[in-house]
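Q: Below are the sequence and a predicted model; questions follow.
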Amino acid sequence: MKQTLPFRLLVLLMLVGMSAQAQHRNSAYHKYIKQYADLAVDQMNKYRIPASITLAQGLLESGAGRSSLARKSNNHFGIKCHGWRGRKVYYDDDARDECFRAYRRVEDSYEDHSKFLANGPRYRFLFKLKITDYRGWAKGLKKAGYATDRSYANRLITIIEDYDLYKYDTKGMTKREARRWQKLLKKKPWLANPHQTYLANGLVYVVVREGDTFRLLGGEFGISWKKLVKYNDLHKEYTLLPGDIIYLKKKNKKARKPYEAYIVRDGDSMHSISQKFGIRLKNLYKMNRRGDDYVPEVGDTLRLR
């Protein structure tokens, strides 16, 4: 029977890959952010568009300022010529030789981007969102048709969270709003950088980050922290470790098809296997007619269904 890598290992490999990719682009991305963050904040204060969104779009659309459109035409947001009376350039995009706006300065590109959103009827609903709701803005931009890429919203959110761009959004608040925000963060720290959710075994889960606790995760997702402990077959004294998988609802009584059996590998425990396949620990013991004192050994075959 073909075996798969342990679930936690798969997640760790995925995260390592993502981290390596982020490190590869860190230099260019950080340089871009340092160069244009103040400009994005200025635009936010003028037009009420989150600076995190402006920076993330600039990074994504211009390849951190390295695309031909950005270098030769100062167009950092991929805005096309519709209704444009200024200088034009032509590049292959969704179709061949599409018309794009060209600017004298990067600052002009940022200003035009703000006006493009602020004056566009289809983006009007976005300005009803809070200045700190970068997720709502990212999803709204995709919904309004800013880009054809189906993953556009998720890509923006990933950039914002990978590079902590949300911290610039607080600079667009009034002093009163900023005080409220800081007070709120003390109670709900996850609002500044919410967890990404994933789906496996038909169950939603999160990957634990440094400093996470059951109480913090419970508060973020509106779930009793005691239930999170129970859902994941842990005890309340357990200290969450970065990379741990935490399911947000009850695990299944048996594994989903096509998983029928599993051969124990080095480092496996009954708990880690139950987490890998999203099976309640007591059901895993019961299916295999084992007591809770059973310790699996390498090579043992365990039923999953």
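A: That came through, no problem. Residues are numbered from 1 along each chain as shown.

Q: Residue ranges in the chain under the pLDDT threshold?
A: Applying pLDDT under 70 to the chain flags the ranges 1-25, 94.

Q: quick one, helices of the stretch 51-200 of the chain?
A: Using DSSP state H, counting those that start in this stretch, the helices found in the stretch 51-200 of the chain span residues 51-62, 68-73, 106-118, 134-144, 152-162, 175-187.

Q: The ones you listed into TSV, with extra columns for mean neighbour count and distance to residue 266?
A: Using the backbone N, CA and C atoms, a C-beta is placed for each residue, glycine as well. Below are the helices of the stretch 51-200 of the chain laid out as TSV (neighbours: other C-beta atoms under 10 Å; distance: least, C-beta to C-beta, whole Å):
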stretch	mean neighbour count	distance to residue 266
helix 51-62	26	41
helix 68-73	16	49
helix 106-118	19	53
helix 134-144	20	40
helix 152-162	20	33
helix 175-187	11	42
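
Q: any chance of those helices in a markdown table, plus distance to residue 240?
A: Formatted as a markdown table, the helices of the stretch 51-200 of the chain follow (distance: least, C-beta to C-beta, whole Å):
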| stretch | distance to residue 240 |
| --- | --- |
| helix 51-62 | 27 |
| helix 68-73 | 42 |
| helix 106-118 | 39 |
| helix 134-144 | 24 |
| helix 152-162 | 19 |
| helix 175-187 | 20 |
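
Q: out of those helices, nearest to residue 203?
A: Shortest distance between residue 203 and the helices of the stretch 51-200 of the chain, using C-beta to C-beta, is found for helix 152-162: 19.9 Å.

Q: wait, doesn't residue 171 sit right on residue 41?
A: Yes: judged on C-beta atoms under 8 Å, residue 171 makes contact with residue 41 at a distance of 4.9 Å.

Q: out of the helices of the stretch 51-200 of the chain, nearest to residue 279?
A: Residue 279 sits nearest to helix 152-162 of all the helices of the stretch 51-200 of the chain, at 28.9 Å, using C-beta to C-beta.

Q: So what touches the closest one?
A: Applying C-beta atoms under 8 Å, 6 or more residues apart in numbering, the contact partners of helix 152-162 are 22, 29, 52-53, 55-57, 59-60, 134-135, 138-139, 141-142, 146, 149, 165-166, 193, 196.

Q: Same question for stretch 236-254.
A: Against stretch 236-254 from outside (C-beta under 8 Å, 6+ apart): 7-8, 11-12, 15, 197, 201-210, 212-214, 217, 221, 223, 226, 228-229, 231-233, 274-275, 278-280, 283, 287, 304-305.

Q: Any chance you could give me it in PDB, C-alpha atoms only?
A: Backbone C-alpha positions of stretch 236-254 (Å, rounded to 0.1, in the frame of the first residue of the first chain) are rendered in PDB as follows:
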ATOM      1  CA  LYS A 236      -5.100  21.800  29.400                       C
ATOM      2  CA  GLU A 237      -1.600  21.900  30.700                       C
ATOM      3  CA  TYR A 238      -0.200  21.100  27.300                       C
ATOM      4  CA  THR A 239       2.100  23.900  25.900                       C
ATOM      5  CA  LEU A 240       1.400  24.500  22.200                       C
ATOM      6  CA  LEU A 241       4.500  24.300  20.000                       C
ATOM      7  CA  PRO A 242       5.100  26.100  16.700                       C
ATOM      8  CA  GLY A 243       4.100  23.700  13.900                       C
ATOM      9  CA  ASP A 244       1.400  21.900  15.900                       C
ATOM     10  CA  ILE A 245      -1.800  21.200  14.100                       C
ATOM     11  CA  ILE A 246      -4.900  22.300  15.900                       C
ATOM     12  CA  TYR A 247      -8.300  21.300  14.600                       C
ATOM     13  CA  LEU A 248     -11.200  23.800  15.100                       C
ATOM     14  CA  LYS A 249     -13.900  21.100  15.300                       C
ATOM     15  CA  LYS A 250     -14.300  17.500  16.400                       C
ATOM     16  CA  LYS A 251     -12.200  15.000  14.600                       C
ATOM     17  CA  ASN A 252     -13.800  12.200  12.700                       C
ATOM     18  CA  LYS A 253     -14.500   8.700  14.000                       C
ATOM     19  CA  LYS A 254     -12.500   7.200  11.200                       C
END
